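Peer 1: I would like to see how this sequence folds:
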Amino acid sequence: MENNVAAYLQDVKKGFGKGRTRIEVLRSVNLKAYYGEILLLVGPSGCGKTTLLSVISGLLDQDSGLVSVFDERIDQFNAAQKTAFRQKNVGFVFQQFNLIPTLNAAQNAAVPLLIANIPLKRALEQATELLAKVGMGHRSLAMPSELSGGEQQRVAIARSLISNPRLLICDEPTAALDGETGSSVMEILRASSLSNNRCVIVVTHDSRVFPFGDRIARMIDGRIVSVELQKEALATVH
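Peer 2: Numbers count the residues shown, from 1 in each chain. As a prediction, the model looks like this:
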């Protein structure tokens, strides 16, 4: 396998249910995601995008096929090993910001460090520094109810980055945001992807996000039907 491949999937299948009610969601998916890139995963609702993210991050077990992330066969891990792998390597950004309403911005961003038993003072210092990097330093003491949607998403991104994950998984991160705010959020994700040891995978329906991707993988009915460089993909859109 190439040295710059962060995640590699070969002939991955996943279904839900049994017998006549079984639904095949992933059908022989083959995909590579590289270090230092934003890979956009696009396709109609129900085509399997979120399920694929869950398999890549170890939240779901595939039924068959190979799943390798950072040269580790996570498809062969047990549940405890997958949990430890995620805690060490994976950050998540969702459409719903999932901030804890009783904690301020810095405290919310610090949660992963606190779970990892980092002392409170040091965790809050790191969180405050990271909030400043995403343009939220002046709002570190604000409660979620006092923040706009874009500000809450920035806090959520800071939380996802605070453990310095090598894989950043983003599921519709701009869907609830206006165009300007969504572009700002993608600029942050773009900057975070430039690390040579990090990969960012973004599921999106938002065509405004397309210019921020390096490659665009199109998914239909549980299969990856094409993977194109961003310029090639945009040419087919316009």
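
Peer 1: hey, let's count contacts and neighbours off CA atoms from now on
Peer 2: Will do.

Peer 1: List the buried residues for stretch 14-26?
Peer 2: Residues 14, 15, 25, 26 are the ones in stretch 14-26 that count as buried (16 or more other Cα atoms under 10 Å).

Peer 1: scratch that, stretch 181-198
Peer 2: 181-186, 188-190, 192-193, 197-198.

Peer 1: Can you tell me the SS state at the residue positioned nearest the centre of the chain?
Peer 2: Nearest to the geometric centre of the chain sits residue 169, at 1.1 Å (Cα atoms, centre = their mean). Three-state assignment for residue 169 (DSSP: H, G, I helix; E, B strand; the rest coil): strand.

Peer 1: Quick check, it in contact with residue 86.
Peer 2: No - the pair formed by residue 169 and residue 86 falls short of the contact definition of Cα atoms under 8 Å, at 10.8 Å.

Peer 1: Confirm that residue 184 lies within a helix, as I assumed.
Peer 2: Yes - residue state for residue 184 (three-state DSSP) corresponds to a helix.

Peer 1: Distance check, it against residue 25.
Peer 2: In this structure, residue 184 and residue 25 are 33 Å apart, going by Cα to Cα, to the nearest Å.

Peer 1: that older thread, take the buried residues of stretch 181-198 and write them to TSV, including distance to residue 133.
Peer 2: Formatted as TSV, the entries for these read as follows, by distance: Cα to Cα, whole Å:
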residue	distance to residue 133
181	16
182	17
183	16
184	13
185	12
186	14
188	9
189	12
190	13
192	11
193	14
197	19
198	17
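
Peer 1: ok, residue 17 - contacts?
Peer 2: Applying Cα atoms under 8 Å, 6 or more residues apart in numbering to residue 17 gives the contacts residue 23.

Peer 1: try 10 Å this time
Peer 2: Remark: with contacts taken as Cα atoms under 10 Å, 6 or more residues apart in numbering, residue 17 is in contact with 23, 24.

Peer 1: go on, residue 13?
Peer 2: Counting by Cα under 10 Å, 6+ apart, residue 13 makes contact with 24-30, 52, 55, 61-66, 222-223.
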